[in-house]
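In: Give me a model of this one.
(chains A and B)
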Protein chains: 2
Amino acid sequence: VAALNATHDPARRSWVESANDQRGDFPVQNLPLGVFRRRSEPASSARAGVAIGDQVLDLAACLDAGLLAGTPAEMPARLAVTGGTLNALMAAGNRASSALRAGISELMREGGEAAARARAEAARILVPMSEAELGLPAAINAFTDFLTSIHHTERGGRMTRPDSPVPQNFRHLPIAYNSRASTVVPSGHAIRRPNGQRRRPEGEVVFGPCDHLDFELELGLFIGPGNAMGEPIALRAAPEHIFGYCLVNDWSARDIQRWESHPLGPFLAKSAATSISPWIVTAEAMAPFRTAAFARPAGDPAPLPYLTDPTDQDEGGMDLGLDAFILTAHMRERGEAPARLTATNFRHMYWTFAQMLTHHASNGCALRPGDLIASGTTSGPTDEARACLSELNLDLSTRSRRPVALPNGESRLWLEDGDEVIFRARAERRGFVPIGFGECRGRVDPAPAWPV
Amino acid sequence: VAALNATHDPARRSWVESANDQRGDFPVQNLPLGVFRRRSEPASSARAGVAIGDQVLDLAACLDAGLLAGTPAEMPARLAVTGGTLNALMAAGNRASSALRAGISELMREGGEAAARARAEAARILVPMSEAELGLPAAINAFTDFLTSIHHTERGGRMTRPDSPVPQNFRHLPIAYNSRASTVVPSGHAIRRPNGQRRRPEGEVVFGPCDHLDFELELGLFIGPGNAMGEPIALRAAPEHIFGYCLVNDWSARDIQRWESHPLGPFLAKSAATSISPWIVTAEAMAPFRTAAFARPAGDPAPLPYLTDPTDQDEGGMDLGLDAFILTAHMRERGEAPARLTATNFRHMYWTFAQMLTHHASNGCALRPGDLIASGTTSGPTDEARACLSELNLDLSTRSRRPVALPNGESRLWLEDGDEVIFRARAERRGFVPIGFGECRGRVDPAPAWPV
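Out: Sure thing, here's the model as predicted:
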């Protein structure tokens, strides 16, 4: 687990003035990595950058300007700018990304000799975020989605299995399924409502635009070095394979899901699109916000030894606030602010990410640099912490669904065309500078016409 | 759908004499593509080849020797030798691979001017199969596994859901799940028995080596050009995206599967390893063996319009015999022949591959060149056509399992360490030269020790 060091020092400020506004997401203590280009540049110019205040630090430009020459950050910076993705840096392990973080922090902080040289090159190495187009941070070859909130699991289960809402295996292992990497898109990419097959309540089987489109507010993790096939990862070693985190919207077609999922699990209900926030907040940046793993209620089984480690128990959780908002077409037209649907926190998750990784690789399954692992819907115990519409619209007293009222008088049972879903995340802890994740946004476009 | 042409002519023979033995898999009418190197060469030498009799035709060597210069096969041959995988050729579409097939057929056939020039270069362009190491034919970014045999589905269901063995959705859509591409390995790669969590019959939850390891005999398909996200594939257009076929062993840990699969489907039970045969038999090579789609029993629902096309109904099936064998350690020590466990045929499949593709992309999910789609266990209606141990060991009269007797006196309830599973496939039709798929082989090695 990443240790605290000078890069977390709350006294550290940046010469990029916008980074010092503690309401912002990207202070010098954060330094998340992404892949960007100027809007005016062709797609092939996509390259590694670091968010700092309202600017993007161009790592290739830093290298060209010699700002990292001869420092321990030079090699990892070269890996970061290789191939238009962060995969090579991810593969190099956390020591490399830690060296990069230390070097960038030196360049971006207020004071010091490296910072003075960087500041002199500001026009060359900084791109205003408003001029930047953010892409996928990695070539994602695999995307695994877990089910790690017991609150989400229980609420859904009370509709379908009221006597035993939480599946018997939930408390023994982190449940997961392989999802689809080919449709993971960065924030801002429009989402086409999927067509699909489902069964109407009266029994008719039909094909057409999904009627029950939902979002799921999740946290994602990018795999670092990973493991060779057949070589599992011990729980104590799992943190070495956690490169960093992003927000994930696991768009879900509930009507398609209900019809297709038995017996092999969700398939097309989940594979039309998955949106991620473009900035990867590194595991090291999150170090101040680690917390104990979820405190299991008395009577819950202890995890088996392969999922048990004292360090993971003490600091495998994360105190990270997660919010979901909706901006309807109507709100957009009237210039209204998005309405908050969800306020939850990652500390409510039943399993830690390290446990998820270790379980995932326990059969010898190979995890590779750039693989995306998502937590599943991050619902917490309270009503406001329901992290998808299929929980928000539940009336458990009558076991029925009713539209969710929005503050402007609109309401939503499910997402409508033109709705935009926006996620934000923020970690705060006394004695540290708060950091944020930026946004994960996606607008729902109408379904493609059929026949195609 | 690929048409018959001169490359299928049964009168065509090869100057590679071993290709003319009609008991063999690789006559001049087959010409499957793969990626190989000489055993003496480094892994980085992997390159495209074509199986012909007991030889591998080295496409790079053909290009170097100028044998395809100026022909329509030259461009596709250059794509085939790009990057050590067949992905670039797959992306180019079936017109390109058809031109390549025509050109190679001209080089390899008996008679003609191109063949004379090729024969003069035989030492340069042919590598004995016995000296070749076959690798993965493509960089596989996604692997989807379907459930398309109603016989497999019904037999399994009669154990767990005797009143309604076939799930309600089975006859309406091709059921599938995303499986794991990172552990797909070529034939010959040893398989480590997975460790995993499962619940003992008496209720105890344990972690350790899987006790119920099984094989599943499946047919695989490699995607050609594929579709962009959000742009579905019409059923009539699906054949344009079918590059070719291989054998697939979807190794399955039944005890892990039973415990983990509710509610999100199989995960670690399937992701420890998947073996594929290394030669891709192209869709065009299979053209003579196409047959009508499965004849649904009266009373089964007609597929919805998006899964209905007259050409697919008439020739979307394939008449392809599929066999599974076991070679135990005992048999190997004594030099005994492998024992046949299964003899089935792909014509028994309820859904066609075109229907699977169209359904897969119907929600806008992107299929990409080199994606692997597998059929699921290819069991047929008869007892000998049971295509996995969990069907072979079923005693439906008592709803219990009993070991499968092998001809040498051994028996198997599930696979044991040292067992090797071997698949073969062969297409035969009166008036055509039969073609085969080569082998898909994998030996079970002991589980890794734990703790790791």
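In: Residue of the stretch 151-300 of chain A closest to chain B, please.
Out: Chain B sits closest to residue A:265 of the stretch 151-300 of chain A, with a gap of 2.2 Å, by C-beta to the nearest C-beta. Every C-beta, even on glycine, is put in place using the N, C-alpha and C of the backbone.
In: residues near that residue, how many?
Out: 26 (other C-beta atoms under 10 Å in any protein chain shown).
In: residue contacts, it?
Out: By C-beta atoms under 8 Å, 6 or more residues apart in numbering or on different chains, the contact list for residue A:265 reads A:177, B:177, B:261, B:263-266.
In: let's see 10 Å
Out: For residue A:265, the contact set (C-beta atoms under 10 Å, 6 or more residues apart in numbering or on different chains) comprises A:175-179, A:257, B:175-178, B:261-267.
In: Give the closest residue to it in space, chain neighbours not counted.
Out: residue B:265 (2.2 Å; C-beta to C-beta, 6 or more residues apart in numbering or on different chains).
In: cool, and residue A:26?
Out: residue A:51 (4.2 Å).
In: can I assume that neighbour is in contact with residue A:128?
Out: No - applying C-beta atoms under 10 Å, one finds residue A:51 not in contact with residue A:128, separated by 11.6 Å.
In: More neighbours: which of those two?
Out: residue A:51 (29 against 12).
In: immediately after whichever strand or helix holds that one, which helix or strand?
Out: Following DSSP states H and E, the helix or strand that holds residue A:51 is strand A:47-52. Per DSSP H and E, the first helix or strand lying C-terminal to strand A:47-52 is strand A:55-58.
In: Close to chain B: what parts of the stretch 1-150 of chain A are there?
Out: Counting by C-beta under 10 Å from any C-beta of the partner chain, the stretch 1-150 of chain A comes close to chain B at A:139-147.
In: cutoff 8 Å now
Out: With the criterion set to C-beta under 8 Å from any C-beta of the partner chain, the stretch 1-150 of chain A comes near chain B through A:141-142, A:147.
In: Export those as a markdown table, with columns for pLDDT and neighbour count.
Out: Below are the residues of the stretch 1-150 of chain A next to chain B laid out as a markdown table (pLDDT from 0 to 100; neighbours: other C-beta atoms under 10 Å in any protein chain shown):
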| residue | pLDDT | neighbour count |
| --- | --- | --- |
| A:141 | 94 | 20 |
| A:142 | 98 | 27 |
| A:147 | 98 | 21 |
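In: gap between residue A:162 and residue A:112?
Out: Distance of residue A:162 to residue A:112, given as C-beta to C-beta, to the nearest Å: 61 Å.
In: which of these two has more neighbours?
Out: For residue A:162 versus residue A:112, the count of surrounding residues by other C-beta under 10 Å is larger for residue A:112: 15 against 10.
In: ok, the closest residue to that one other than its chain neighbours - how many residues close by?
Out: Nearest residue to residue A:112, sequence neighbours excluded (C-beta to C-beta, 6+ apart): residue A:106, at 6.0 Å. The number of residues packed near residue A:106 is 22, by other C-beta under 10 Å.
In: For residue A:106, which residues are in contact?
Out: A:71, A:73, A:112, A:114-115.
In: cutoff 7 Å now
Out: By C-beta atoms under 7 Å, 6 or more residues apart in numbering or on different chains, residue A:106 lies in contact with A:112, A:114-115.
In: Checking residue A:285 next. Helix, strand or coil?
Out: Three-state assignment for residue A:285 (DSSP: H, G, I helix; E, B strand; the rest coil): coil.
In: Beta-bridge partners for the residue nearest to residue A:26, please?
Out: Listed by DSSP bridges, the beta-bridge partners for residue A:51 are residue A:56.
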